[in-house]
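K.L.:
structural data only, the sequence is not supplied:
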């Protein structure tokens, strides 16, 4: 009797272990193996979103700006990434905001606010990445330019071939000025003085001296000299 009971108990244990084995195999194939494969493949560890845009937009490239200007309104043109948001900076402050066109070009007018102006353009793409252009320095110069012909005086008469060649002497208040007398460029000295030799023609000779600076300020002085051979 005891033997039959023991044999029945052993059979029950065997069925129990077989059931556990089946359950283990089912769990292993349904969840265990996929989990293991996912860990090996990196799915079990945090990963960055590879689709995120972390590349800055094309650095804005500015078309040539003037070294100096007499107008507070300055046209700034150039190229960057298409449809990027733009901040136009003057002396590190935002002068205005805009966007590039479909081809990446931009053209806007900023306002200069000092004698010396640091001009930059900052581009921001849709992902928030930023790039910024090189600094361009633009001088705002509204000081009028002046020119004086100190010799000879207006209306002076000259006689004879020995007096046909005359030195036109003068000065300007800006030593970086460009001076043209009639059609000839004149050298301006460091102190603002200049001399230009001309040959008179018979009769009245109009002498026009035009002075201009890098900012576009200009003025002129006209005298008439009379020559009789």
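P.N.:
In hand now; what should we look at? Just so we're clear, the structure is a prediction, and the values are computed from it rather than from any experiment. Residues are numbered from 1 along each chain as shown.
K.L.:
got any ranges where the chain has weak pLDDT?
P.N.:
1-17, 19-21, 23-51 (pLDDT under 70).
K.L.:
please parse it into its domains.
P.N.:
Per automatic domain parsing, the structural domains of the chain span 61-140, 147-228.
K.L.:
endpoint to endpoint, the longest one covers what distance?
P.N.:
It refers to domain 147-228. Chord length of domain 147-228, first to last residue, is 28 Å (Cα to Cα, to the nearest Å).
K.L.:
nearest to residue 55, of the domains of the chain?
P.N.:
Nearest of the domains of the chain to residue 55, taken as Cβ to Cβ: domain 61-140 at 6.4 Å. For every residue, glycine as well, the C-beta is placed using N, CA and C.
K.L.:
and the helices in the chain?
P.N.:
Secondary structure of the chain (DSSP state H): helices located at 2-27, 33-41.
K.L.:
need the domains of the chain in a markdown table with mean neighbour count, can you?
P.N.:
Shown next, in a markdown table, are the domains of the chain (neighbours: other Cβ atoms under 10 Å):
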| stretch | mean neighbour count |
| --- | --- |
| domain 61-140 | 16 |
| domain 147-228 | 15 |
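K.L.:
of all those, which lies closest to residue 22?
P.N.:
domain 61-140 (52.2 Å).
K.L.:
and residue 227, what are its bridge partners?
P.N.:
Counting by DSSP bridges, residue 227 is bridged to residue 158, residue 203.
K.L.:
ok, so what distance separates it from residue 176?
P.N.:
33 Å (Cβ to Cβ, to the nearest Å).
K.L.:
and the closest residue to residue 121 other than its chain neighbours, what does it touch?
P.N.:
Leaving aside its chain neighbours, residue 121 sits nearest to residue 60 (4.1 Å; criterion: Cβ to Cβ, 6 or more residues apart in numbering). Residue 60 makes contact with 78, 79, 80, 86, 106, 121, 122, 123, 131, 132, 133 under the criterion Cβ atoms under 8 Å, 6 or more residues apart in numbering.
K.L.:
tell me the one of those nearest residue 72?
P.N.:
Relative to residue 72, the closest of those is residue 121; by Cβ to Cβ it sits at 18.1 Å.
K.L.:
beta partners of that closest one?
P.N.:
Under the criterion used (DSSP bridges), residue 121 bridges to residue 88.
K.L.:
wait, what's in contact with it?
P.N.:
Applying Cβ under 8 Å, 6+ apart to residue 121 gives the contacts 60, 62, 76, 78, 80, 86, 87, 88, 89, 106, 132, 133.
K.L.:
now with 10 Å?
P.N.:
Residue 121 makes contact with 59-62, 76-78, 80, 84, 86-89, 98, 100, 106, 108, 110, 131-134, 136 under the criterion Cβ atoms under 10 Å, 6 or more residues apart in numbering.
K.L.:
and it, how far is that from residue 61?
P.N.:
Counting by Cβ to Cβ, the gap from residue 121 to residue 61 is 9 Å.
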